[in-house]
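Visitor: coords please:
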Amino acid sequence: MNETKRKLDFFYEFIDSVEQKGRLSGSRQTPFMQEVLPYINAEDEPAIIYFSKKDLKIQLNGYLYQDDINTLNLYVVEYEPFLVEDELPVANMTSLKEFANKAKRFFTNADTILQLANRSMEYFDLAKMIVEKKDEIEEVNIYVITSKFYLSNKPIDLNIPGVETVNVHVWDMDRIFKLSEAEQGIREFDINFESVYGEALQMMHVPNNSEKGLIDCYIGVIPAKLLAKLYDDWGPKLVERNVRSFLQARGGTNKGIRDTLKDERQRELFVAYNNGISSVAKAGDIKQIGESSLYTINTLTSWQIVNGGQTTASIHQAYKKKVDLDGVYVQAKLTILNIQEELEIDHVQKDRHVLEDEMIAKISEYANTQNKINKSDLLANTRFMSNIENFSRNVWIPTQDNRKEESKWYFERARGQYMVDISRRSKGKEQNAFKKMYPKENVITKVEMAKYFMSWEGYPHVSSKGGEEAFKRFMDLNSEYWKQSTVKNDEGEVTKSILDIDSDYYKGLIARRIINAYVTNIVESMNLKGYKANVIYYTVSMLNHLYGKEINLMEVWQQQALSDNWEDVIKVIAVNALNYLRESAGDQNVTQWAKKEDCWKGFIKESAVVLSGMI
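Guide: Coordinates of the predicted model:
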């Protein structure tokens, strides 16, 4: 199947999922943004709002303020699903820049917007924050999320008066498609340093006495200008397996890198200041120089920067701005994976691709010291995650009419896995059979699963922080299923074995998802104004806090539903949650307040009084 055909199939499946959710909610932009956000894979999720003033050419769909680095992220959506059949919908720079400007105008017109808003409107908090912190905000990142393919990938430049750094990040369907494919395995390609770029790499081989010979490791430096050229030519291909996803030059660390590169007196110190990059490759044309430990690297196959993406991004940005990079070098570590088709590890036969995934995940995790990395990507290959995936492929959903089971839930361990699974099957009968067995509405991602779990277990403030934080805490709470630990007893230290999950554990995870979906449907039907996601998380947590002993997760699984007897209770809790969040926040941003444990503790005390008559 050619790439254009694969892109079209991916696009249709992606948009179909958005449309299904959109028909239920009456909106398309918000479901589309929610489908894209897991691919952006930020450490913290934005607050989703909707503001549109056509006469002022303003639109905004979400925001996130990081006060520790004085950075504001603004999100704006372009959604046009119904286009020419069998043709890729292509975006141009002019239209995308106009959408970026729509978000920018919210920032520059915050005073006017604040006068139009009242306290109950979700965008009130953002407008108020911009007005109060305008002099403190050092960086604005505008995310343009489009349902089209931005094939030219030309950078979009914008300026905002008074803001030092403004970045425009385009998240188009081409970028999402490539990320989805990358999650399923590296596509092989060769980079010819000597013949194309005129300079081979020279690195020192690290001695390796292992009999298995799974890797060859080299250390050295790479000229900064060459690294910038490589990224300019190969772009996202170089970072498809980077746990930080696509490269973005932002945040405090990268600001320091850029400042060093701009200062002539500091450039030669770059190699001392920066930790460099870690990379992996499948193979290479590598020759020893004489009898020394130095080797010339002429060609690499499927070279991937698995750590140091932020460094690469900052160097590339400096290169594009004509900063002189002569004499600037970057520390580099290169690992060649010498993995055959299949190997036996700890008495278990493992496929080559599984081993590559596991090794790359570990290299990425252990190499990273400069920036936080997303645990959901690093831990996707743990046995715990694989066990959940296996149960989802084998446990049938119980039927209520005595007919045989026909469908299952689909746990998506890697982003885009469901759509890739569909594309591997022939169109028509084979794909239809797969969708019947695994309906779209039964797909659950690892970060969604974590948010549902944390909400039910009494951590709505953690779910409010977003999928990544929820996943990290979920893995912490379930560490016995994937992580060995050492405990002390009378005989000394003992290593506790990793436990296996059983089908009841898996069914309990799905039951929590069913309860969250039930609460979500009720809250959405109530048309409450503002902070919907936070209200849902807090309502689910309070439902379990007050009535958890009366709700059996195995019964929820068996019925695939929560009894409608709970509807009135949920409505009362939801109204109380919204009122509490607004009133208790005081002068704070409500969305930020909802992320604090004190907010949840206060809600427990509040509910003990307000809801006492219901218990």
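Visitor: Make sure Ala511 is actually in contact with Gln558.
Guide: No - using Cβ atoms under 8 Å, Ala511 is not in contact with Gln558, being 9.1 Å away. No exception for glycine: its C-beta is placed from N, CA and C like everyone else's.
Visitor: Those two: which is more packed in?
Guide: Using other Cβ atoms under 10 Å as the criterion, Ala511 and Gln558 rank with Ala511 on top: 25 against 14.
Visitor: how close does the more buried one get to Asp401?
Guide: Remark: distance between Ala511 and Asp401 (Cβ to Cβ, to the nearest Å) = 20 Å.
Visitor: now do Ser152
Guide: Relative to Asp401, Ser152 is positioned 54 Å away (Cβ to Cβ).
Visitor: So which of these two has more stuff around it?
Guide: The residue with more neighbours, out of Ser152 and Asp401, is Ser152; 10 against 4, by other Cβ under 10 Å.
Visitor: List phi and psi for that one.
Guide: Backbone geometry at Ser152, expressed as degrees, to the nearest 10, gives phi -70, psi -30.
Visitor: That one reaches Thr94, doesn't it?
Guide: No - the criterion here is Cβ under 8 Å, and Ser152 misses it with Thr94 at 11.0 Å.
Visitor: and for the two, which residues touch both?
Guide: When Cβ atoms under 8 Å, 6 or more residues apart in numbering defines a contact, no residue borders Ser152 and Thr94 alike.
Visitor: Could you pull out the strands in the stretch 201-350 of the chain for me?
Guide: Taking DSSP state E, counting those that start in this stretch as the test, the strands found in the stretch 201-350 of the chain are 201-206, 215-223, 277-281, 283-288, 294-301, 304-307, 329-337, 342-345, 348-351.
Visitor: okay, now Phe99: neighbour count?
Guide: 21.
Visitor: Could you pull up the residues touching it?
Guide: So Phe99 contacts 59, 76, 78, 144, 146 (Cβ under 8 Å, 6+ apart).
Visitor: okay if I get the strands of the stretch 201-350 of the chain as TSV plus distance to Lys507, mean neighbour count and mean pLDDT?
Guide: Formatted as TSV, the strands of the stretch 201-350 of the chain follow (distance: least, Cβ to Cβ, whole Å; neighbours: other Cβ atoms under 10 Å; pLDDT from 0 to 100):
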stretch	distance to Lys507	mean neighbour count	mean pLDDT
strand 201-206	48	17	94
strand 215-223	40	18	92
strand 277-281	38	23	89
strand 283-288	44	16	92
strand 294-301	44	18	93
strand 304-307	36	24	84
strand 329-337	38	21	92
strand 342-345	31	12	50
strand 348-351	27	11	48
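Visitor: Tabulate the ones you listed in JSON lines, adding columns for distance to Tyr452.
Guide: Shown next, in JSON lines, are the strands of the stretch 201-350 of the chain (distance: least, Cβ to Cβ, whole Å):
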{"stretch": "strand 201-206", "distance to Tyr452": "44"}
{"stretch": "strand 215-223", "distance to Tyr452": "38"}
{"stretch": "strand 277-281", "distance to Tyr452": "34"}
{"stretch": "strand 283-288", "distance to Tyr452": "42"}
{"stretch": "strand 294-301", "distance to Tyr452": "41"}
{"stretch": "strand 304-307", "distance to Tyr452": "30"}
{"stretch": "strand 329-337", "distance to Tyr452": "36"}
{"stretch": "strand 342-345", "distance to Tyr452": "33"}
{"stretch": "strand 348-351", "distance to Tyr452": "31"}
